[in-house]
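J.: dropping the sequence and predicted coords here.
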Amino acid sequence: MPTLLVGDFILVNKFDYGIRLPVTKTKIIELNQPERGDVVVFRYPLNPRMDYIKRLVGLPGDQVSYSQKHLFINGEPVMIEPVGRYQAVGSGMRAQGYFHGTEDLKGVQHSVLVNPRAPDYSGGCNFLRNKEIVIPDGYYLMVGDNRDDSNDGRCWGLVPEENLVGKAFFIWLNFDAEAPGFVDWSRIGTIIK
């Protein structure tokens, strides 16, 4: 959230980052490279049978840290422009009233949510705690747009290139049993940015 909501059905381009052989997942044709700001479906590194979806924030060679609810990439803070308080719907009511802002990942602008009452890190989120990392070749850092309610790379680490499934690009349906009317017609046909 807020880029994707509970109940969104999405389309993913599985060929955007290259064509792979089935089963072995060996890349046979190189196409586009993942870019900072992409919304990416990938196999969760701690359980590769499970797909995750997050925003790519760190590329190979980047120096990345996270402190006081801000990303720092290559020593520069990633700026967040305030939008206001988040107006949640349906199954996302947990985020009602969170700080809603627009983050600029060096030219890629997208919405983020931050819970001002939550600590920078909770539970077992230790991968980026109190340190700056340099992302090695063949790896990426994925972070959720709902920063304080996201199990992401800040907690469990980097995603290897071979775990990338594809780039999410389109919402074709939204069905949330807890939302008024169950279907949010305004989300159908939305381009994922």
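T.: All right, it came through fine.
J.: going forward, measure contacts between C-alpha atoms and count neighbours the same way
T.: Noted.
J.: what residue ranges in this protein score low on pLDDT?
T.: Per-residue confidence of the chain (counting by pLDDT under 70) places the weak regions at 122-124.
J.: and the top strand by length along it, what other elements does it pack with?
T.: Taking DSSP state E as the criterion, the chain has its longest strand at strand 164-174. Applying 3 or more CA pairs under 8 Å, 6 or more residues apart in numbering; DSSP states H and E, one finds that strand 164-174 contacts strand 8-13, strand 39-43, strand 190-191.
J.: which of these sits closest to residue 90?
T.: Nearest of the helices and strands packed on strand 164-174 to residue 90, taken as CA to CA: strand 8-13 at 11.9 Å.
J.: give me the contacts around the following helix or strand past that closest one.
T.: For strand 8-13, the following helix or strand on the C-terminal side (DSSP states H and E) is strand 19-20. If you take CA atoms under 8 Å, 6 or more residues apart in numbering as the criterion, strand 19-20 is touched by 26-31.
J.: summarise which helices and strands the helix or strand that strand 19-20 is followed by is packed against.
T.: Downstream of strand 19-20, the next assigned helix or strand under DSSP H and E is strand 27-29. Applying 3+ CA pairs under 8 Å, 6+ apart, we find strand 27-29 packed against strand 19-20.
J.: tally up the residues packed near residue 98, please.
T.: 20 (other CA atoms under 10 Å).
J.: repeat that for residue 23.
T.: Neighbour number of residue 23 under other CA under 10 Å is 6.
J.: same question, residue 156
T.: By other CA under 10 Å, neighbour count at residue 156 equals 17.
J.: I'd say it and residue 141 touch.
T.: No - the pair residue 156 / residue 141 is not scored as a contact, 10.0 Å apart, by CA atoms under 8 Å.
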